[in-house]
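> predicted coordinates and the sequence they were generated for:
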Amino acid sequence: MNIAIDAMGGDYAPQEIVLGAARAVAHFSDIRVTLIGDEAKIRPHLPSEERISIIHADEVIEAADEPVRAVRRKKNSSMVRMAEEVKEGRADACISAGNTGALMAAGLFVVGRAAGIDRPALAPTLPTVDGKGFVFLDVGANVDARPEHLQQYALMGHVYAKKVRGIANPRIGLLNVGTEDQKGNETMKRAFALLKETNLHFIGNVEARDLLQGVADVVVADGFSGNVALKTIEGTAMALFSLLKQTLTSSVAAKLAAAALKPKLSGLKKMMDYSEYGGAALFGLNAPVIKAHGSSDANAIFHAVRQAREMVANDVIGMIKAELERTS
């Protein structure tokens with residue numbers, strides 16, 4: 001299979017993007033990678049060209065660009081050219097750590113929305129204290145959602161958790177302001193009723209405070225609530241690690257204790273590292289589109305490639321379409 005990667009997207013492009021792609025090709029013998037971007041900037045970081053090709057693109061969609069306008073005007077940008085590789089069938093999936101809104105626009109306008117899907121959903125896999133993680137969607141592809149959209153999110157998350165994450169019967173939770181059945185606004189009450197009618201393993205409403213405890217394998221939310229919860233989790237984690245670092249470097253005794261605890265702390269950091277799970281998949285399109293974090297390093301890109309490879313190998317897109325046809 002071939003995976004197209006926007007080599008110019010992200011805070012550390014193109015070096016970390018290229019190194020992550022090269023590591024993935026070295027690790028997985030069944031993939032090829034096409035890097036799209038400024039060839040003169042890409043090539044110096046490329047340790048080997050085995051199963052790696054470059055498509056030169058002289059434009060870049062910047063973080064400050066208006067997403068839809070940028071996709072329409074910057075036809076020779078690395079992100080748009082990447083999406084076109086998928087559309088034309090030369091690549092099976094694509095990955096970018098660039099402008100999130102622009103990637104969603106490129107996914108919709110170039111890759112195309114899958115038949116039967118009303119709205120795509122952005123779905124990262126987040127860590128939990130038990131190390132298993134959970135799929136969270138939508139975290140910002142659409143600010144608003146109707147009850148039937150949330151039902152579709154649950155179905156897509158179910159397929160991904162089952163086929164890629166290997167969970168036989170994924171527990172589906174609906175993010176709400178309380179766990180009682182009648183909690184929430186009218187949209188959430190109706191979504192609850194719709195999810196109850198499905199054959200999914202719907203466990204009911206879940207609260208944001210329980211997400212990292214592994215309360216569900218898939219958590220469904222509208223894009224506004226999902227994005228607020230995601231950013232709160234990220235900000236809290238950053239603040240806690242910052243406070244921990246300050247505490248463990250505050251005195252000689254603290255530094256000695258930190259040295260003794262270093263292996264355990266490294267293990268904890270790895271367990272709670274989002275990059276170990278790959279990027280955020282944009283579900284509901286005609287092919288796998290992965291949004292890697294803007295600050296992705298080579299390790300994060302490696303795992304995003306692994307994630308894209310698993311989605312293609314397990315035909316997640318085809319399975320979602322089949323489930324929609326079966327339930328419609």
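It's in.
> tally up the residues packed near Lys183, please.
The local packing of Lys183 (other C-beta atoms under 10 Å) involves 16 other residues. In short, each C-beta sits where N, CA and C put it, glycine included.
> spell out the secondary structure type for it.
coil (DSSP: H, G, I helix; E, B strand; the rest coil).
> for it, what are its contacts?
Residues near Lys183 by C-beta atoms under 8 Å, 6 or more residues apart in numbering: Asn176, Val177, Lys189, Asn205.
> how near is it to Gly166?
Shown here: Lys183 relative to Gly166, a distance of 31 Å by C-beta to C-beta, to the nearest Å.
> tell me how far stretch 112-124 lies from the chain's centre.
With C-alpha atoms, centre = their mean, to the nearest Å as the basis, stretch 112-124 stands 13 Å off its chain's centre.
> could you list the residues in contact with stretch 198-213?
When contacts are taken as C-beta under 8 Å, 6+ apart, the neighbours of stretch 198-213 outside the stretch itself are 126-130, 134, 136, 151, 154-155, 158, 169-181, 183-184, 188, 192, 195-196, 215-216, 219, 229, 232-233, 327.
> before we move on, which element is Val135 in?
Secondary structure assigned from DSSP states H and E places Val135 in strand 134-137.
> output the contacting helices and strands for that strand.
In this structure, strand 134-137 packs against strand 121-123, strand 125-126, helix 147-163, strand 218-220, helix 223-248, with contacts taken as 3 or more C-beta pairs under 8 Å, 6 or more residues apart in numbering; DSSP states H and E.
> now do the phi/psi pair for the closest residue to Thr247 other than its chain neighbours.
Once flanking residues are discounted, Thr247 sits nearest to Ala254: 6.4 Å by C-beta to C-beta, 6 or more residues apart in numbering. When read as degrees, to the nearest 10, the backbone of Ala254 gives phi -70, psi -40.
> let me know whether Ala254 touches Gln246 as I believe.
No - proximity of Ala254 to Gln246 does not meet the contact threshold set by C-beta atoms under 8 Å, at 9.4 Å.
> could you pull out the helices for the stretch 201-328 of the chain?
Across the stretch 201-328 of the chain, reading from the start of the chain, the helices by DSSP state H, counting those that start in this stretch fall at 223-248, 252-271, 298-313, 316-327.
> figure out how far the last one is from the centre of its chain.
The one in question is helix 316-327. Averaging C-alpha positions (C-alpha atoms, centre = their mean) puts helix 316-327 20 Å from its chain's average.
> same check, this time on the third one
Relative to its parent chain, helix 298-313 has a centroid offset of 10 Å by C-alpha atoms, centre = their mean.
> next: the first one.
Once both centres are worked out by C-alpha atoms, centre = their mean, helix 223-248 turns out to sit 18 Å from its chain's centre.
> what residues sit buried inside that helix?
Taking 16 or more other C-beta atoms under 10 Å as the neighbour-count basis, helix 223-248 is seen to contain the buried residues Gly223, Ser225, Gly226, Asn227, Ala229, Leu230, Ile233, Ala237, Leu248.
> that older thread, which one, of the helices of the stretch 201-328 of the chain, ends up nearest to Asp118?
Closest approach to Asp118 among these is made by helix 316-327 (10.3 Å; C-beta to C-beta).
> now do the buried residues in the closest one.
Residues of helix 316-327 classed as buried by neighbour count (16+ other C-beta under 10 Å): Val316, Ile317, Met319, Ile320, Lys321, Glu323, Leu324.
> same for that helix, what does it pack against?
Counting contacts by 3+ C-beta pairs under 8 Å, 6+ apart, helix 316-327 is packed against helix 147-163.
> would you mind writing the CA trace of the helix it packs on as PDB?
Written as PDB, here are the backbone C-alpha positions of helix 147-163 (Å, rounded to 0.1, in the frame of the first residue of the first chain):
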ATOM      1  CA  PRO A 147     -28.800  13.200  17.100                       C
ATOM      2  CA  GLU A 148     -28.500  11.200  14.000                       C
ATOM      3  CA  HIS A 149     -25.000  12.500  13.500                       C
ATOM      4  CA  LEU A 150     -24.000  11.300  16.900                       C
ATOM      5  CA  GLN A 151     -25.400   7.900  16.100                       C
ATOM      6  CA  GLN A 152     -23.200   7.800  13.000                       C
ATOM      7  CA  TYR A 153     -20.200   8.800  15.000                       C
ATOM      8  CA  ALA A 154     -20.900   5.900  17.400                       C
ATOM      9  CA  LEU A 155     -21.100   3.500  14.500                       C
ATOM     10  CA  MET A 156     -17.800   4.800  12.900                       C
ATOM     11  CA  GLY A 157     -16.000   4.700  16.300                       C
ATOM     12  CA  HIS A 158     -17.300   1.100  16.900                       C
ATOM     13  CA  VAL A 159     -15.900  -0.100  13.600                       C
ATOM     14  CA  TYR A 160     -12.500   1.600  14.200                       C
ATOM     15  CA  ALA A 161     -12.200   0.300  17.800                       C
ATOM     16  CA  LYS A 162     -13.100  -3.200  16.700                       C
ATOM     17  CA  LYS A 163     -11.100  -3.500  13.500                       C
END
